[in-house]
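[1] Model the following, please.
(one chain, ligands or ions: 3)
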Amino acid sequence: MRYLPEPSFRHDATTGRVGILLINLGTPQAPTAAALRPYLRQFLSDPRVVEIPRLIWWPILNGFILTTRPAKSAAKYAQIWTKEGSPLAVYTQRQAKLLQGYLAELADQKLMVDYAMRYGSPSIEQKLQAMKAAGCDRILIVPLYPQYAASSSGSALDEVYRVLSHMRNPPEIRTIKHFHDHPAYINALAGQIRNHWQQHRRPDHLLMSFHGVPRYTLDKGDPYHCECHKTARLLAEALALPKGSWSLAFQSRFGRAEWLKPYVVDVLGDLGRKGTGTLDVVCPGFVSDCLETLEEIALEASKTFTEAGGKQFRYIPALNDQPNWIRALAQIVQPHLAGWENTGGTTDAGRPSRAKALGASQ
Ligand SMILES: C=CC1=C(C)c2cc3[nH]c(cc4nc(cc5[nH]c(cc1n2)c(C)c5CCC(=O)O)C(CCC(=O)O)=C4C)c(C)c3C=C
Ligand SMILES: [Fe+2]
Ligand SMILES: [Fe+2]
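    Residues are numbered from 1 along each chain as shown. Ligands and ions are numbered 1, 2, ... in the order given. Presented below is the predicted three-dimensional model:
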């Protein structure tokens, strides 16, 4: 039996790094209609986000939504844009950098933490290729959504698998599905709220507002609704909130279909009409502040509440780059790295070459 000679390049040598890729939704490059259009096109063309048959959805998206929404959304983004850029991009980038620093100190200098965006840039494809080129042969994927929804985490994971399907020698992949009930995440949220209450006084009511999704996704088995309720219950328990002093609502409704209820505008109206004095609102489903928290809640929801008769509205910021949250994120990812310690696992250095072992080199 004859064996092929071993190729001259070292096909069996890898540097064997472990990578962690944080994935968030993505955001436009600038608060302008021109930048919103390609972002919204990519976002709203995703069949995980809009499940209407393409033949019906295409003309609505191209003929109506992409001609009217970019300018309206750009005006909203302009209100929250910072010198460094879109808050979602700024915080996601900081989270990756801080987690890298935190884990390097704890565990492993070779560990590489980076981030990607599902829509816009830096793309998942670009970052998976860069991590592979940097020697990562094992990558943990962490969608930055505590509650799993097919339209958010599901779509991010779809894109990871799509990119891998085009690689001849893909890295080994692990994924985190959700962390809605992880004690570290719940404690970080509770700490953020307690901090706010130490600086100001306690409110009369705490509203926990989550991004909504279409109602039919719940009927089809998406766990998102139940995971939001579980997060809210655990957070209320951690803060020892009496019954009736807090509630849950869903925000950011898009389109005319029914979405998860109660809608945040309805709850704000009810609380305002009841004459609620101070209302605090927290958005536990967003680990970074973004358009949906800073514009829709901190600016718009505040008006809805006071116009209905409420007195004082306070928005509690997302976890963003808080050290407590970075520590929690480390606790969330660490168990998923078990067995991936850098022992030079896949490197063949020092062993006789495979061809020699097979007796082909004489
Ligand atoms: C919790 C995570 C999110 C889920 C689930 C989600 C579902 C979902 N979103 C839309 C439509 C839009 N969302 C938009 C912004 C936006 N959405 C999330 C998170 C989730 N979305 C975030 C973090 C953001 C903010 C991004 C930022 O740049 O700050 C937008 C864009 C803005 C606008 O024009 O309104 C749209 C559109 C649908 C249809 C959907 C589920 C089916
Ligand atoms: Fe959204
Ligand atoms: Fe449910």
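[2] Other residues contacting the helix or strand where Leu234 lies?
    Leu234 belongs to helix 224-238 when elements are defined using DSSP states H and E. Contacts to helix 224-238, defined as Cβ atoms under 8 Å, 6 or more residues apart in numbering, come from residues 146-150, 178, 180-181, 186-187, 189-190, 193, 208, 210, 213, 217-218, 246, 248, 250, 260, 284-285. From N, CA and C alone the C-beta is placed, and that goes for glycine too.
[3] before we move on, what about stretch 50-58?
    Under the contact criterion Cβ under 8 Å, 6+ apart, stretch 50-58 has outside partners Leu44, Pro47, Ile60, Leu61, Pro214, Tyr216, Thr217.
[4] how about a cut-off of 7 Å?
    Contact partners of stretch 50-58, identified using Cβ atoms under 7 Å, 6 or more residues apart in numbering, comprise Leu44.
[5] burial of the closest residue to ligand 1 within the stretch 201-350 of the chain, as a residue count?
    Residue nearest to ligand 1 within the stretch 201-350 of the chain: Cys290 (3.1 Å; Cβ to the nearest ligand atom). Neighbourhood size, Cys290 [other Cβ atoms under 10 Å]: 25.
[6] likewise the one 4 residues further on?
    Applying other Cβ under 10 Å, we find 24 residues neighbouring Leu294.
[7] My guess is it contacts Pro87. True?
    Yes. Leu294 lies in contact with Pro87 (Cβ atoms under 7 Å); the separation is 6.2 Å.
[8] Please enumerate the shared neighbours of these two.
    Jointly contacting Leu294 and Pro87 under the rule Cβ under 7 Å, 6+ apart are Ile80.
[9] what ranges do the helices span in this protein?
    33-44, 54-60, 66-80, 87-106, 124-133, 155-164, 183-199, 215-219, 224-238, 264-273, 291-294, 302-307, 323-333, 354-357 (DSSP state H).
[10] Out of the ones you listed, the one nearest ligand 3 is which?
    Among the helices of the chain, helix 224-238 comes nearest to ligand 3, with 3.5 Å by Cβ to the ion.
[11] where's the closest one relative to the chain centroid, distance-wise?
    17 Å (Cα atoms, centre = their mean, to the nearest Å).
[12] Equivalent analysis for stretch 45-54, please.
    The chain centroid and the centroid of stretch 45-54 are separated by 20 Å, computed with Cα atoms, centre = their mean.
[13] Also stretch 216-227?
    18 Å.
[14] Give the buried residues for that stretch.
    Thr217, Leu218, Asp222, Pro223, Tyr224, His225, Glu227 (16 or more other Cβ atoms under 10 Å).
[15] Out of the residues you listed, which is nearest to Pro122?
    If you rank those by distance to Pro122 using Cβ to Cβ, Tyr224 comes first, at 25.9 Å.
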